[in-house]
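1. The sequence isn't on hand, but the structure is:
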């Protein structure tokens with residue numbers, strides 16, 4: 001923040017759309033690269049009680065909010081901390097997303113036993129396609145073998161916008177009021193900057209994540225092939241990291257607007273402009 005280091009990344013995480021290769025091949029479909037292609041895939045793969053798509057028990061509203069924003073080519077804030085979502089591109093993306101949810105409502109799973117971060121809706125056959133995290137890949141592989149592929153969230157339209165995913169994870173910080181600050185800093189540096197073996201072990205032995213150091217990620221055998229290697233490519237190419245200036249109050253304003261647009265059918269332009277006003281007020285407080 002403002003050139004000062006506050007924490008060191010421990011693991012990197014991201015999300016993807018998982019699909020059953022056999023189902024797409026059987027239906028003569030290709031992995032989706034646009035929002036419309038995703039809609040066509042999930043409509044075609046909806047059959048009986050099996051739905052085409054699962055992205056959360058809120059109907060995918062929470063996931064789609066950020067994905068529509070990022071795939072439009074914009075972010076919550078610019079690098080110099082100004083509102084980056086109050087523009088024609090984002091309004092168009094949410095107008096399309098709002099209609100997309102209406103058009104494909106019969107193909108979207110709601111009320112699953114678990115939420116989007118758990119892959120069981122996908123592995124049990126409740127949904128043919130699911131948005132979930134890289135962390136779910138070992139469980140998916142154990143359940144259905146190699147019968148799956150992955151793609152990032154698709155771009156809005158062909159030639160418009162870009163694929164997207166979140167760039168999340170955990171970071172370690174030192175307590176500024178601790179009694180042994182310098183020793184704690186040295187420990188964090190040793191653990192996450194200098195010690196490659198521990199970083200690989202932590203990221204891959206107790207879960208399934210990307211080691212934050214690029215050189216360590218490149219050496220990690222489980223990430224060198226198949227869908228896992230694609231995931232590393234996606235996070236580096238399309239991942240959007242969080243902005244430290246984006247506060248909880250800003251997130252609430254944005255989340256309320258997203259819910260009103262995608263769930264309640266509110267006018268995208270009105271809601272986005274209203275959220276921008278609230279976020280600008282919060283940014284003024286920070287300054």
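-> Ah, there it is. Worth saying up front: this structure is predicted, and the values here are computed from it rather than measured.
2. counting contacts, what elements does the helix or strand bottoming out on mean pLDDT in the chain pack onto?
-> Within the chain, confidence by mean pLDDT, DSSP states H and E is lowest for helix 214-219 among all helices and strands, at a mean of 91. Packing partners of helix 214-219 (3 or more C-beta pairs under 8 Å, 6 or more residues apart in numbering; DSSP states H and E): helix 196-204. In this view, the C-beta of every residue, glycine as well, is placed from N, C-alpha and C.
3. Of all the residues in the helix it packs on, which ones are buried?
-> Using 16 or more other C-beta atoms under 10 Å as the test for burial, helix 196-204 gives 199, 200, 202, 203, 204.
4. could you pull out the helices for the stretch 1-150 of the chain?
-> 21-26, 35-45, 61-71, 88-103, 120-123, 137-144 (DSSP state H, counting those that start in this stretch).
5. pLDDT (mean, whole number) over the first one?
-> Confidence over helix 21-26, taken as the mean pLDDT, stands at 96.
6. And that helix, how far out from the chain middle?
-> 24 Å (C-alpha atoms, centre = their mean, to the nearest Å).
7. same question, the last one
-> Helix 137-144 sits 19 Å away from the centroid of its parent chain (C-alpha atoms, centre = their mean).
8. Also stretch 199-210?
-> Worked out by C-alpha atoms, centre = their mean, stretch 199-210 lies 19 Å from the chain centre.
9. just checking, residue 168 is part of a helix?
-> No - going by DSSP: H, G, I helix; E, B strand; the rest coil, the assignment for residue 168 is strand, not a helix.
10. how near is it to residue 130?
-> 18 Å (C-beta to C-beta, to the nearest Å).
11. Next: residue 251.
-> Taking C-beta to C-beta, one finds residue 251 at 24 Å from residue 130.
12. and what of residue 27?
-> On the measure of C-beta to C-beta, residue 27 and residue 130 end up 17 Å apart.
13. repeat for residue 215
-> Relative to residue 130, and taking C-beta to C-beta, residue 215 is found at 32 Å.
14. More neighbours: which of those two?
-> residue 130 (29 against 9; other C-beta atoms under 10 Å).
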